[in-house]
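*Asks:* Could you work out the structure for the sequence below:
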Amino acid sequence: MPQPPRRAGSQPLSAVTQDTLVIADFSPRTRARRRIPADPHPPGPNHRLFTLPRTRRRIPANRHPPGPYRHLFAHPGARAFTVGNLIARLPMGMFSVSAVIMIAGSRGSYALAGAVTATGLAATAVVAPWTARLVDRHGQARIAVPATALAALGSLALLLCARYGAPDWTLFAAYAATATTPNTGGMSRARWAHLLDGDEKALHTANSFEQAADELCFMLGPVLASFLCGALFPEAGTLVGVVLLVTGVLLFTAQRSTEPPARPRVEGLHTRGTSLPRAPGMRPLLAVCLATGAVFGSMEVVTIAFADERGHRAAAGAVLALQAAGSCAAGLLYGALRPAGSAERRHPWCLAAMTVLMSLPLLAAALTGSLLVLAGALLIAGTATAPTMITNMTLVQQRTPEGRLNEGMTLAVTGLLGGIAAGSAAGGWVTERVSATAGYGVPLAAAASALLLSLTAARRANSRTPH
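*Replies:* Model prediction:
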């Protein structure tokens, strides 16, 4: 290849070392072998090699590689759908509290309010997986928007029935209609899985962020609902929740570039009539979700009763918020650390840590009886719940058949809701029959059950693996 012209007396580059640039001419034999044209300005008899110091590019000291969360949200469209999803997810922690305050205030019966919310929870357990299956088959925007509109109408109907003295059965029917509310958290996780396309480290960070967002919404939601219903009027919490839900879902579904493609027909386990819990490894994970939900449900009821026994019932919300805050912080840290090893190996260890830390509230209540000490114990105990949920959701994603991710996430959430209902009932029974202090044994037993389920499933999987 012809070389660029040079000034007389200049020499071509022949070799490079790490510290210096060595400038010399090619020999006639080398030029002939490499077919390099003769130098029109050959060096004189006094030619000699000389060196120049190598110029090194300096990197500014303040430049650091981006953190995992900054790298995560650098993907196009990630911030936009996350904002909409957070707005839509916040009402999930508002609706039940708002309904209890609204119904109890207008009808004077907490038993009726509890029965109405329990009916809505049961309806959600039945309808939510069906809605999620439609989302997977037809797309998020096509299904989530009309499903949200129907749920919003149900909430507004509940508001009107409670305010204008409609028969009690109308409250049950209206709240049951809210079961079509789409699982916005599951849809967001499905978008991350589609956007990250198999990047396990980035997906771990995304799952950690989503779990922290769940904790944050369920921490702020009840506080916001209580404030609105108390400061404005009893229906304010439900009304604001409906506005946030509809606005958030519309913003979320408007981001079409990050939406996973619809999969109306796929082979294997996605065929019609095949139950998703029958997928390999799914049943133990759903059972762990059920037991973990019992931890959350029982802890809430028992803590309210414990605070009420000591004359500080109003402080129960703040004490429970500390548990959610500890879980939120641990979730964000867990996502930034990117622990080594597979999720299958980490799962039993996370459950073991949760079991050990769930003994702290029981010890604090039994040994001190102080609500302040209990608050500190709940803060520490909460740090184990987010890593457990993140790892469990990661395994659910891995074992869900292709094209049914949103359905798999919704089944896991349904298991959590069922566990919350069962844990609330068990915690309330122990608190009423024995004491609130003894009630803290329920979340400890539930965590130990989750650990036992995980170890049993791992042992069975190992026994089936050929050596």
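*Asks:* measure Thr431 to Ser370 for me?
*Replies:* 18 Å (Cβ to Cβ, to the nearest Å). From N, CA and C alone the C-beta is placed, and that goes for glycine too.
*Asks:* swap that for Ala446, sorry
*Replies:* 24 Å.
*Asks:* out of the two, which sits in the busier spot?
*Replies:* Between Ala446 and Ser370, counted using other Cβ atoms under 10 Å, Ala446 has the larger neighbour count: 28 against 13.
*Asks:* List the contacts of that one.
*Replies:* When the contact criterion is Cβ atoms under 8 Å, 6 or more residues apart in numbering, the partners of Ala446 are Ala291, Thr292, Ala294, Val295, Ser298, Gly419, Gly423.
*Asks:* What's the mean pLDDT across stretch 294-310?
*Replies:* Stretch 294-310 comes out with an average pLDDT of 81.
*Asks:* can you give me how far it is from the chain middle?
*Replies:* Here the centre of mass of C-alpha atoms in stretch 294-310, compared against the chain's by Cα atoms, centre = their mean, to the nearest Å, lies 24 Å away.
*Asks:* got the contact list for that stretch?
*Replies:* Contacts with stretch 294-310, where a contact means Cβ under 8 Å, 6+ apart, come from 313, 315-316, 319-320, 323, 354, 358, 361, 365, 369, 371, 374, 378, 385, 416, 419-428, 430-431, 436-437, 439-440, 442-443, 446-447, 449-450.
*Asks:* Next, the buried residues of it.
*Replies:* Along stretch 294-310, the positions that meet the burial threshold by neighbour count (16 or more other Cβ atoms under 10 Å) are 294-307.
*Asks:* are any of the contacts of stretch 294-310 buried, and which?
*Replies:* By neighbour count, with 16+ other Cβ under 10 Å, the contacts of stretch 294-310 hold 315-316, 319-320, 323, 354, 358, 361, 365, 371, 374, 378, 385, 416, 419-428, 430-431, 436-437, 439-440, 442-443, 446-447, 449-450 as buried.
*Asks:* Can you flag which of these belong to helices?
*Replies:* Counting by DSSP state H, the part of the buried ones among the contacts of stretch 294-310 found in helices is 316, 319-320, 323, 354, 361, 365, 371, 374, 378, 385, 416, 419-428, 430-431, 436-437, 439, 442-443, 446-447, 449-450.
*Asks:* Can you name the helix or strand that Leu286 falls in?
*Replies:* helix 282-309 (DSSP states H and E).
*Asks:* Averaged pLDDT, the helix or strand hosting Arg459. What do you get?
*Replies:* Take DSSP H and E as the rule and Arg459 turns out to sit in helix 441-464. The average pLDDT for helix 441-464 rounds to 83.
*Asks:* Met102 - that's part of a helix, no?
*Replies:* Yes: assigned with DSSP: H, G, I helix; E, B strand; the rest coil, Met102 falls within a helix.
*Asks:* Generate JSON lines for the contacts of Ala446, with distance to Asp199 as supplementary columns.
*Replies:* Shown next, in JSON lines, are the contacts of Ala446 (distance: Cβ to Cβ, whole Å):
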{"residue": "Ala291", "distance to Asp199": "30"}
{"residue": "Thr292", "distance to Asp199": "26"}
{"residue": "Ala294", "distance to Asp199": "33"}
{"residue": "Val295", "distance to Asp199": "31"}
{"residue": "Ser298", "distance to Asp199": "37"}
{"residue": "Gly419", "distance to Asp199": "31"}
{"residue": "Gly423", "distance to Asp199": "35"}
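*Asks:* so which of these would you say is closest to Tyr69?
*Replies:* For Tyr69, the nearest member of those is Thr292. The distance, counting by Cβ to Cβ, is 24.7 Å.
*Asks:* From the chain's centroid, how far away is the single longest helix found in the chain?
*Replies:* Scanning the chain for the helix with the most residues, using DSSP H, yields helix 200-231. With Cα atoms, centre = their mean as the basis, the distance from the averaged C-alpha position of helix 200-231 to the chain average is 9 Å.
*Asks:* tell me which strands and helices it is in contact with?
*Replies:* Applying 3 or more Cβ pairs under 8 Å, 6 or more residues apart in numbering; DSSP states H and E, one finds that helix 200-231 contacts helix 68-72, helix 78-89, helix 95-107, helix 184-196, helix 236-253, helix 316-337, helix 385-399.
*Asks:* Would you mind listing the buried residues in it?
*Replies:* The neighbour-count check on helix 200-231 (16+ other Cβ under 10 Å) flags 202-219, 221-226, 228-229 as buried.
*Asks:* pLDDT below threshold where in the stretch 251-400 of the chain?
*Replies:* Applying pLDDT under 70 to the stretch 251-400 of the chain flags the ranges 264-279, 313-314, 338-341.
*Asks:* what about the residue lying closest to Leu322 once chain neighbours are set aside, how many residues close to it?
*Replies:* By the measure of Cβ to Cβ, 6 or more residues apart in numbering, the closest residue to Leu322 outside its immediate chain neighbours is Leu379, 4.5 Å from it. Counted by other Cβ under 10 Å, the residues lying close to Leu379 total 19.
*Asks:* Please report the distance of Leu379 from Pro361.
*Replies:* As defined by Cβ to Cβ, Leu379 lies at a distance of 10 Å from Pro361.
*Asks:* Leu378 too?
*Replies:* In terms of Cβ to Cβ, Leu378 sits 6 Å off from Pro361.
*Asks:* repeat for Ile390
*Replies:* 22 Å.
*Asks:* where's the closest residue to Ile87 other than its chain neighbours relative to His194, distance?
*Replies:* Using Cβ to Cβ, 6+ apart and skipping residues adjacent in sequence, the residue nearest Ile87 is Gly248, 3.3 Å away. When distances are taken as Cβ to Cβ, Gly248 and His194 turn out to be 20 Å apart.
*Asks:* between these two, who's got more neighbours?
*Replies:* The residue with more neighbours, out of Gly248 and His194, is Gly248; 21 against 13, by other Cβ under 10 Å.
*Asks:* Check what pLDDT that one gets.
*Replies:* Model confidence at Gly248, given as pLDDT, is 92.
*Asks:* Need the nearest residue in space to Arg142, chain neighbours excluded.
*Replies:* Of all residues not flanking Arg142 in the chain, Ala262 sits nearest, at 7.6 Å (Cβ to Cβ, 6+ apart).
*Asks:* Count the neighbours of Ala190 for me.
*Replies:* Each residue near Ala190 was counted by other Cβ under 10 Å, and the total is 26.
*Asks:* any idea of the pLDDT on it?
*Replies:* Per-residue confidence at Ala190 stands at 82 (pLDDT).
*Asks:* who touches it in this structure?
*Replies:* With contact taken as Cβ under 8 Å, 6+ apart, Ala190 is in contact with Gln140, Pro260, Leu405, Asn406, Met409.
*Asks:* Tell me the one among those residues nearest to Ala147.
*Replies:* Here the nearest of the contacts of Ala190 to Ala147, counting by Cβ to Cβ, is Gln140; it sits at 10.2 Å.
*Asks:* wait, that closest one sits on Arg256?
*Replies:* No: the pair formed by Gln140 and Arg256 falls short of the contact definition of Cβ atoms under 8 Å, at 9.1 Å.
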